[in-house]
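In: Predicted model follows, preceded by the sequence.
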Amino acid sequence: LGSFESWYDDQCTGGKLCSNNQCVLPTCTSPEILCGASCVNPNTSSVHCGSCGNGCGPGRSCSGGECTPKWVTIGATATLTARSKTATTYIPSQDSAFFWGGEGASGELSSGALYDVTTGSWTAVATGPNTPSPRVLATAVWTGQVVVVWGGGDAAGTVDHATGALYDPSTGSWTPMATPNAPSGRRAPYGVYTGSKGVVW
């Protein structure tokens, strides 16, 4: 069977689906596998390559159960100028990589961009009065709702920051972080999210 669709699938239990008004266990003919309610070939499916849900993304195809080519060049963009020592993290809900700050040709930067892995497109990170000051080697951590950007320093290595801000990608806004009891200023700190708290070390 190629797919299993019915207005009455919710009436079936035990993983069964409705087909011809009967609840049946869906089966697929090898090499196809069941992904959701459809039989797909994991050797050629660009959205289920090798396993269910393993999408190859733009610029790649599925061959023999593997996405190919292994590497796809990300095009240059005016949205994010060339830089090093940036704060980076991944935002799963948007399938996007977050890049902010770092050092460019003119020194420390306070700008950034989001790279959408699915579409291969760039979007500038919004800036405002609460955007952190320009800095290199800050840390960035995704909490499930906001990106925490904290710490870092100047390019000359003479100033270390003990400040940061929260970036909300859904609203494009920054909120300053409280400073009482914050760690001393430092560059390149480790940052993780525990599920309820952000930890900087």
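Out: That came in fine, so what should we check first?
In: What confidence value was assigned to L17?
Out: Here, the pLDDT recorded for L17 equals 75.
In: Same check on P26?
Out: Among the per-residue scores, P26 shows a pLDDT of 77.
In: Would you quantify the distance from it to G55?
Out: 22 Å (C-beta to C-beta, to the nearest Å). The way it works is simple: take the backbone N, C-alpha and C, and place the C-beta from them, glycine included.
In: Please apply the same query to G164.
Out: Separation of G164 from G55 (C-beta to C-beta): 33 Å.
In: Same question for S96.
Out: S96 is 15 Å from G55, by C-beta to C-beta.
In: ok so, going back, of G164 and G55, which one has the most company?
Out: The neighbour count for G164 versus G55, taken as other C-beta atoms under 10 Å, is higher for G164 (27 against 16).
In: beta partners of the more buried one?
Out: Going by DSSP bridges, G164 is paired in beta bridges with W150.
In: same deal with A87?
Out: As for beta bridges, A87 partners with W100 under DSSP bridges.
In: ok, it - contacts?
Out: Applying C-beta atoms under 8 Å, 6 or more residues apart in numbering to A87 gives the contacts 98-102, 112, 137-140, 149, 152.
In: got a pLDDT number for it?
Out: You'll see A87 listed with a pLDDT of 98.
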